[in-house]
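S.K.: Let's see this in three dimensions:
(one chain, ligands or ions: 1)
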Amino acid sequence: MFIARNILVEIKDKRDLKEHISKKFNLASEQIESIEIIRRSIDARKRGRLKFNYTVLCEISGNFKSHPELVKYSPKPAPKLFKKKIINNPLIIGTGPAGLFAALSLVEQGFSPILFERGKEIVDRNKDVMDFWENSILNPESNVQFGEGGAGTFSDGKLTSRGKDFFTSNVFDLLIKFGADPDIKVNALPHLGTDGLKKIVLNIRKYLIENGCEFHFNSKFEDIKSENGRVTKIKINGSWLESETIILAIGNGARDTYRMLSESIRMESKPLAIGFRIEHPIDFINQAFYGKNTDFNVSGAATYRLTAKYKERGIYSFCMCPGGKVIAASSGFGQVVTNGMSYSLRDNNFSNSAIVATLNENDYGTGIFAAMDFQETLEKKCFNPDLPYHAPSQNAEDYLNNTTSKKVRTNSYRPAIYNANLNDFFSKSINSALKAGLYKFEKTAPGFIKNGVLIAPETRTSAPVRILRDREKFNSIGLDNFYPIGEGSGYAGGIISSAVDGYKVGKIFQK
Ligand SMILES: Cc1cc2nc3c(=O)[nH]c(=O)nc-3n(C[C@H](O)[C@H](O)[C@H](O)COP(=O)(O)OP(=O)(O)OC[C@H]3O[C@@H](n4cnc5c(N)ncnc54)[C@H](O)[C@@H]3O)c2cc1C
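M.R.: Purely as a prediction, here's the structure:
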């Protein structure tokens, strides 16, 4: 078996992939006995003449000339993990991707874990989120961050992964088993949309319950007791539970839980990036990044990834949502948080992305919660008590000129935006970096500034702390039976890497 890379095919080209492989590698067509596409990305360097870039597994017979992009394939072996024997079913706190995939992994190991989730199950959670978006009524326990499926439930469902190592591949297979389109394994930029994610989360719950797992919603983890380097009890909704193994999968937004844990657990502050969402009409983004002659039915709505540097700061686009919406994603009273969401068809009239600048200790100071406090302060500053959970907004060119927009461009954010000068929300140095980024992005996509509207703040790009854990055994340092996983641990970020972290940690346990 061989792996053939960089097979470029114009998206309009309807010829068989075999023909392209045989031409590129000088092979007779009969020599190519089988083909399996393992990756398909879009090469958009020439706008209007987009190409698919394929990586293919193929069986080839006979002799052929060697080529640096045609190499022998050897499957990646399962990495060796530390193993730990336990007797009782572990408790899992949080039902985001990390908690759910830890549970799936534990079921494969013969356990039936018990899951606790502070938020509500999906259908009731959906009602709370709609009430927030339509009427500004926030439920601090059931919202875009908290509830069944975790923070990604109301998202674009981008399944970004750096590579497909052994465990990542297992996670993709499980997503397909529970309802995702098998194309997610091939597409370099797969996404599910919020509708796809909700369906999968419900299927996972059903399967876990059939396998003896218990789900407890509206069940908040509130406290912890430890003795001799082990957690002995955890408190859920006021009642203490004894436990042999606890897996903590709380995501990046549970500030109250972080604060509570800091009394018994070793944590450190983690650098953050903050900024705003920029939104454009989808047609502008499609044409600016893929070109107007593109068949968007084949390519899908255009995505982009932009980076810039300004002095010591990096500036980059993050969590780009083509054909999506900018959403209100608060989880605390009096705090404005924005994020991005889309449906599987990505067919809304707008495309948005976060534009963020990296921060450092000069911005937020030192101390475990310095970055988290900085985040929270900005979210509070953006809250206007007369217009609760409306987001401060400004046309991009007015932000650059430091003038409040008289009329902000039409945008997708609900409940609503209010006109503001975003220069007032960030320090001079952060504003300079964000502006340098926008000027650079304008060079890549002329019109990026003129057509863009900014909606602030984007603060939840990653966890603001790391819960220190053992590199090999994955337990929290100093607590033998307590396992922080997923985004909240500070060792993962995004749906896939959080799910993979949970799945991997689940694999260490044996009966
Ligand atoms: C709107 C939005 C869009 C996003 N879009 C994408 C995207 O397209 N692609 C991508 O890769 N990532 C995206 N993300 C990020 C992604 O959702 C997270 O990286 C991922 O969900 C982290 O998984 P997790 O399981 O570690 O934590 P979470 O998904 O945050 O889950 C943690 C769970 O723990 C629960 N919890 C917290 N504290 C307690 C407690 N004390 N007791 C009981 N339960 C508790 C929470 O209610 C929550 O359900 C998005 C996030 C948001 C908010």
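
S.K.: for the chain, what spans make up the helices?
M.R.: Ranges of helices within the chain are 17-24, 97-108, 122-135, 166-177, 193-210, 255-261, 282-290, 296-299, 361-364, 370-381, 396-401, 428-444, 495-506, based on DSSP state H.

S.K.: what's the model's confidence in the second one, averaged?
M.R.: To tie it back to what came earlier, the one meant is helix 97-108. Average pLDDT, helix 97-108: 98.

S.K.: From the contact counts, what lies against that helix?
M.R.: strand 91-93, helix 166-177, helix 193-210, helix 495-506 (3 or more Cβ pairs under 8 Å, 6 or more residues apart in numbering; DSSP states H and E). Any C-beta I mention is one placed from the backbone N, CA and C, and that applies to glycine too.

S.K.: who does the shortest one pair up with?
M.R.: It refers to strand 91-93. Partners of strand 91-93 in the sheet, by DSSP bridges, are strand 114-116 (parallel), strand 246-248 (parallel).

S.K.: Can you report how many residues lie near Lys406?
M.R.: 8 (other Cβ atoms under 10 Å).

S.K.: Could you do Glu30 as well?
M.R.: 9.

S.K.: What does the pLDDT read for the closest residue to it other than its chain neighbours?
M.R.: Spatial nearest neighbour of Glu30, excluding adjacent residues (Cβ to Cβ, 6 or more residues apart in numbering): Ser61 at 7.9 Å. On pLDDT, Ser61 comes in at 95.

S.K.: can you check the one 4 residues further on too?
M.R.: According to the predicted model, the pLDDT of Lys65 comes to 93.

S.K.: just Ser41 next, same as before
M.R.: 95.

S.K.: now do the same end-to-end measure for stretch 465-475.
M.R.: Its first and final residues considered, stretch 465-475 spans 16 Å by Cα to Cα, to the nearest Å.

S.K.: what's near enough to touch the residue of the stretch 151-300 of the chain at minimum distance from the ligand?
M.R.: The ligand sits closest to Gly251 of the stretch 151-300 of the chain, with a gap of 2.0 Å, by Cβ to the nearest ligand atom. Counting by Cβ atoms under 8 Å, 6 or more residues apart in numbering, Gly251 makes contact with Gly94, Gly96, Ala98, Gln145, Phe146, Gly150, Ala151, Gly486, Glu487, Gly488.

S.K.: Packing partners of the lowest-mean-pLDDT helix or strand in the chain?
M.R.: The weakest-scoring helix or strand in the chain, judged by mean pLDDT, DSSP states H and E, is helix 296-299 (a mean of 92). Under the contact criterion of 3+ Cβ pairs under 8 Å, 6+ apart, helix 296-299 touches helix 282-290.

S.K.: Rounded mean pLDDT for the helix it packs on, please.
M.R.: For helix 282-290, mean pLDDT is 97.

S.K.: how far off helix 428-444 does it point, in degrees?
M.R.: If you take axes from the mean of the first three to the mean of the last three Cα atoms, to 10 degrees, helix 282-290 sits at 70 degrees to helix 428-444.

S.K.: any bit of stretch 400-412 sitting next to the ligand?
M.R.: No - contact of stretch 400-412 with the ligand (Cβ under 6 Å from any ligand atom) is absent, the minimum separation being 13.0 Å.

S.K.: Is there a neighbour count for Ile87? I'd like the number.
M.R.: When counting by other Cβ under 10 Å, one arrives at 7 neighbours for Ile87.

S.K.: List the residues that contact it.
M.R.: Residues counted as contacts of Ile87 (Cβ under 8 Å, 6+ apart) are Glu244, Lys511.
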